[in-house]
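Trainee: Turn this into a structure:
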Amino acid sequence: MKLILSIIQTADETDTVQELNKKGFFVTKLSTTGGFLKAKNTTLLIGTEDEKVDAVLDVLKKYAGHRMQLSPVSGADMRMFNPAGANMVEVPAGGCVVFVLDIDRAQKF
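Mentor: From the prediction side, this is the model:
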């Protein structure tokens, strides 16, 4: 048995948890704050059998992993990031940290 701890951006929480639940995984979510940037995140606790770890990691990568997304810019920022003057620019978003821990024993009461 494994315990997967995943720290994700709060913006990715809803879709990630919904997809994990759809695939039959139970998730406990905790509101957390990062130590360096003091940004709000969500920590997910997911217990699963060893052979299902890759399925959880696939969902985390797809719904909470690094990606590029369009973000609006305005004024001076617009000329700096996009000389053509368009008001949208592609920026990196998302990303998560995942720890997979061995569990010797798990019980529900």
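
Trainee: how many neighbours does residue 43 have?
Mentor: By the measure other CB atoms under 10 Å, the count of residues near residue 43 is 17. In this view, the C-beta of every residue, glycine as well, is placed from N, C-alpha and C.

Trainee: Make 783 the starting number, not 1.
Mentor: Done: numbering now begins at 783, and the last item shifts to residue 825.

Trainee: residues in contact with it?
Mentor: By CB atoms under 8 Å, 6 or more residues apart in numbering, residue 825 lies in contact with 787, 788, 789, 790, 811, 812, 814.

Trainee: just checking, the first one touches residue 885?
Mentor: No: in this structure residue 787 lies outside contact range of residue 885 using CB atoms under 8 Å: 11.5 Å.

Trainee: helix or strand right after the helix-or-strand element of the chain with minimal mean pLDDT?
Mentor: When the helices and strands of the chain are scored by mean pLDDT, DSSP states H and E, helix 857-863 comes last with a mean of 56. For helix 857-863, the following helix or strand on the C-terminal side (DSSP states H and E) is strand 870-875.

Trainee: Bridged to residue 815, which residues?
Mentor: Residue 815 has these beta-bridge partners by DSSP bridges: residue 822.

Trainee: What number of residues are in the vicinity of it?
Mentor: By other CB under 10 Å, the residues close to residue 815 number 9.

Trainee: That one and residue 794: what is the separation?
Mentor: Residue 815 sits at a distance of 16 Å from residue 794 (criterion: CB to CB, to the nearest Å).

Trainee: just residue 822 next, same as before
Mentor: According to CB to CB, residue 822 and residue 794 sit 12 Å apart.

Trainee: ok, those two, which is more surrounded?
Mentor: Remark: of residue 822 and residue 794, residue 794 carries more neighbours, 20 against 12, as counted by other CB under 10 Å.
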